[in-house]
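S.K.: next come a sequence and a model predicted from it.
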Amino acid sequence: MTSRVFRLFLVVALGGANAFGMTFDFRTPDQFNTIKVSINTSFGNGQLKGEIRGAGGTMEFPMERLETARGRVSIDARGIRLFHGKSQAVVNSSTWLDTGRFPRITFAFKGIQNLRWGRKEIRGDIVGTLTLKGKAKEMLLPAVFRYQRAGRRSLDGRAGDLLEVQATLSILRGEFGINPGGMLDQVKNEVSVTVKLLACSDKVRPLLPSSLFVTP
């Protein structure tokens, strides 16, 4: 079945109003939402690693028109944890993340491009705006989406679907005012970020003829 025919079938199968407005909430327990960071350094083992907890937000995920997906994720910048004592002591300071003035990191979804449908996952590039330390930048994030029809019951006992989003990105700390030009001999400019978020809905989609939608 071609991609165009399959998408048309989705619209018909979902039917009318049920085809639009499926909202997913990212406010699931922290053990399901992880944001990991990695920076090459000249100290330690050559790599500074850390993680951020406390993600929340919502996403509209219209399966038959994923290019129009919209949403917003907000992260508590004060929840960052670096696995290096001296780095952890200064990461919240005004020179680095300045979390006293800028306590939130946000990403606003504006759509998905280059969609590729697989048997058990969907791949595409998320279009959106990252706002960090008061500076906003348009970004394109390679991402993988996995859909679990009726999977929410295993999470909290309530009816609904689950949506897993995995994405990777690289940012230059200088572009966001994170000690720009400073300590480059010790901490590199490029920061690698790996995101894994789980979102739940309060609805269950009708059963569709694809393993993407089969109850796990």
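M.R.: Received, thanks. These numbers were taken from a predicted model, which means no experiment stands behind them. Numbering: from 1, shown residues only.

S.K.: and the closest residue to R104 other than its chain neighbours, how far from T106?
M.R.: The shortest distance from R104 to any non-neighbouring residue, by CB to CB, 6 or more residues apart in numbering, is to S74 (5.4 Å). Any C-beta I mention is one placed from the backbone N, CA and C, and that applies to glycine too. Distance, S74 to T106, using CB to CB, to the nearest Å: 5 Å.

S.K.: related to what we said a few turns ago, and the residue nearest to R104, what does it touch?
M.R.: Under the criterion of CB atoms under 8 Å, 6 or more residues apart in numbering, the contact list for S74 reads A55, G56, G57, R104, I105, T106.

S.K.: check contacts around the second one.
M.R.: Counting by CB under 8 Å, 6+ apart, G56 touches F26, R27, V73, S74, I75.

S.K.: change it to 6 Å
M.R.: Applying CB atoms under 6 Å, 6 or more residues apart in numbering to G56 gives the contacts F26, R27, S74.

S.K.: quick check: closest non-adjacent residue to it.
M.R.: Leaving aside its chain neighbours, G56 sits nearest to R27 (4.6 Å; criterion: CB to CB, 6+ apart).

S.K.: what's around the one you found, how many residues?
M.R.: If you count neighbours by other CB atoms under 10 Å, R27 ends up with 13.

S.K.: then L172?
M.R.: So L172, with other CB under 10 Å, has 13 neighbours.

S.K.: now it. Nearest residue, chain neighbours left out?
M.R.: Excluding the flanking residues, the one nearest L172 by CB to CB, 6+ apart is N189, at 5.2 Å.

S.K.: check G151 too.
M.R.: Closest residue to G151 apart from its sequence neighbours, by CB to CB, 6+ apart: L162 at 3.8 Å.

S.K.: isn't that neighbour up against A150?
M.R.: No. Applying CB atoms under 6 Å as the test, L162 and A150 come out as separate, 8.5 Å apart.

S.K.: following the lowest-mean-pLDDT helix or strand in the chain, which helix or strand comes up?
M.R.: Using mean pLDDT, DSSP states H and E, helix 3-14 stands out as the lowest-scoring helix or strand of the chain, at a mean of 50. The helix or strand immediately downstream of helix 3-14 is strand 23-25, counting by DSSP states H and E.
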